[in-house]
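> I would like the atomic coordinates for the input below:
(one chain, ligands or ions: 1)
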Amino acid sequence: MPAKIIDGKAVAESVRAALQTRVAALAARGIRPGLAAILAGADPASRLYVRNKVRACGEAGLHSEVHEFPEPACENALRERIAKLNGDRRIHGILVQLPLPGKLDASRVLAAIAPAKDADGFHAESLGALVQGRPGFVPGTPAGVMALIEHAGVPIAGRHAVIVGRSTIAGKPAALLLLQRDATVTICHSKTPDLAAVTRQADILVAAAGRAKLITAGMVKPGACVIDVGINRGADGKLAGDVDFDSVQDVAGWITPVPGGVGPMTVAMLLVNTVKAAEQTLG
Ligand code: GUN
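Below you'll find the predicted structure:
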């Protein structure tokens, strides 16, 4: 039987619909949640992601603004702008679109964000809270991964979750969130010797390596839940995930498509974090 397809667009839609009551409650108290995006350099993918985030803010009734820094962008200029935004009462969430161009040090730039406005959850304080199991802002992509697994009704506790990829944006926080839910977690990466031998043990397989069609049918345990975080643009200009969807859907129990899987969830969770940041200003 082919896998059940987890429709990220529909789940993101329901997350965004549920957010409307919270946005309305804030509006009744004179607050419109606001997001500032820092966009440095001219990477077309980054520009597209920021445009999508701005559009999503508009649709959800949030204020948003983009702060552009053409190359060569200077770290101090970014940090100074962030410091201003930290003190701006109209702005509740600040994100720095990654990757940053040139030699800019992302962790130093991210450190300038006030933790209370860390809508992307990449600040060391937010990531530290995640490691320690304290409440805080969770990065949108792994939060979206968890929401999709939960929506599909896939059991997590006691199951083996295998994450392929160890980025701070996706792989590492996804592993921590699955661990928090009592999964047994393995993180694989480019130096893992026999990747297929590990992925074949996964009840939940999260592919976040950034390599098109890395995960093929022979690497998947029959009935597994396969979540594809990859967004790779092929030479033909088409989007491809990290999972070879056509072959894996015949083996997996659940699968997310690309596009229309994790991508829309990342944006929805960013909105959730921005609204949460606005709510927290009420004390
Ligand atoms: N680059 C890739 N994914 C993300 C994300 O979720 N947020 C930001 N700011 N940059 C990214």
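
> How about the contacts made by the residue of the stretch 1-150 of the chain found nearest the ligand?
Closest contact between the stretch 1-150 of the chain and the ligand, by Cβ to the nearest ligand atom, is at L98 (3.7 Å). Yep, even glycine has a C-beta here, placed from its N, CA and C like the rest. Listed by Cβ atoms under 8 Å, 6 or more residues apart in numbering, the contact set of L98 reads 46, 106, 122, 169.

> Now do the contacts for V243.
V243 neighbours (Cβ under 8 Å, 6+ apart): 207, 213-215, 226, 228, 230, 255, 258.

> I meant to write M219 there.
Taking Cβ under 8 Å, 6+ apart, we find M219 in contact with 195-196, 199-200.

> Repeat that for A36.
64-67, 85, 88, 91, 93-95.

> rewinding a little: please go through the contacts of L98 and note which also touch the ligand.
I169 (Cβ under 6 Å from any ligand atom).

> could I get the contacts of L98 as JSON lines with secondary structure, pLDDT and neighbour count?
Below are the contacts of L98 laid out as JSON lines (DSSP: H, G, I helix; E, B strand; the rest coil; pLDDT from 0 to 100; neighbours: other Cβ atoms under 10 Å):
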{"residue": "S46", "secondary structure": "helix", "pLDDT": "94", "neighbour count": "18"}
{"residue": "A106", "secondary structure": "helix", "pLDDT": "96", "neighbour count": "14"}
{"residue": "F122", "secondary structure": "coil", "pLDDT": "98", "neighbour count": "23"}
{"residue": "I169", "secondary structure": "coil", "pLDDT": "96", "neighbour count": "20"}
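
> Pick out the most distant pair among the contacts of L98.
Farthest pair in the contacts of L98 (Cβ to Cβ) is S46 and F122. Separation: 14.6 Å.

> Which strands or helices does the helix or strand hosting E125 pack on?
According to DSSP states H and E, E125 maps onto helix 124-132. Judged by 3 or more Cβ pairs under 8 Å, 6 or more residues apart in numbering; DSSP states H and E, the packing partners of helix 124-132 are helix 171-180.

> from the chain's centre, how far out does the helix or strand just after the helix it packs on sit?
Downstream of helix 171-180, the next assigned helix or strand under DSSP H and E is strand 184-188. Relative to its parent chain, strand 184-188 has a centroid offset of 19 Å by Cα atoms, centre = their mean, to the nearest Å.

> and the angle for the helix or strand N273 falls within with helix 124-132?
In the assignment (DSSP H and E), N273 maps to helix 262-280. Angle of helix 262-280 versus helix 124-132, following axes from the mean of the first three to the mean of the last three Cα atoms, to 10 degrees, is 110 degrees.

> How about helix 262-280 and the ligand, any contact?
Yes - Helix 262-280 reaches the ligand (Cβ under 6 Å from any ligand atom) through T266.

> Give me the mean pLDDT for that helix.
Mean per-residue pLDDT for helix 262-280: 98.

> Next: stretch 81-100.
Stretch 81-100 comes out at a mean pLDDT of 98.

> what's the span of it, first residue to last?
Distance across stretch 81-100, first residue to last, is 15 Å (Cα to Cα, to the nearest Å).

> What of stretch 86-100?
One end of stretch 86-100 sits 20 Å from the other (Cα to Cα).

> so V162, which of the three states?
strand (DSSP: H, G, I helix; E, B strand; the rest coil).

> Who are the packing partners of the lowest-mean-pLDDT helix or strand in the chain?
In the chain, no helix or strand scores lower on mean pLDDT, DSSP states H and E than strand 232-233, which sits at a mean of 90. If you count contacts as 3+ Cβ pairs under 8 Å, 6+ apart, strand 232-233 packs onto strand 239-240.
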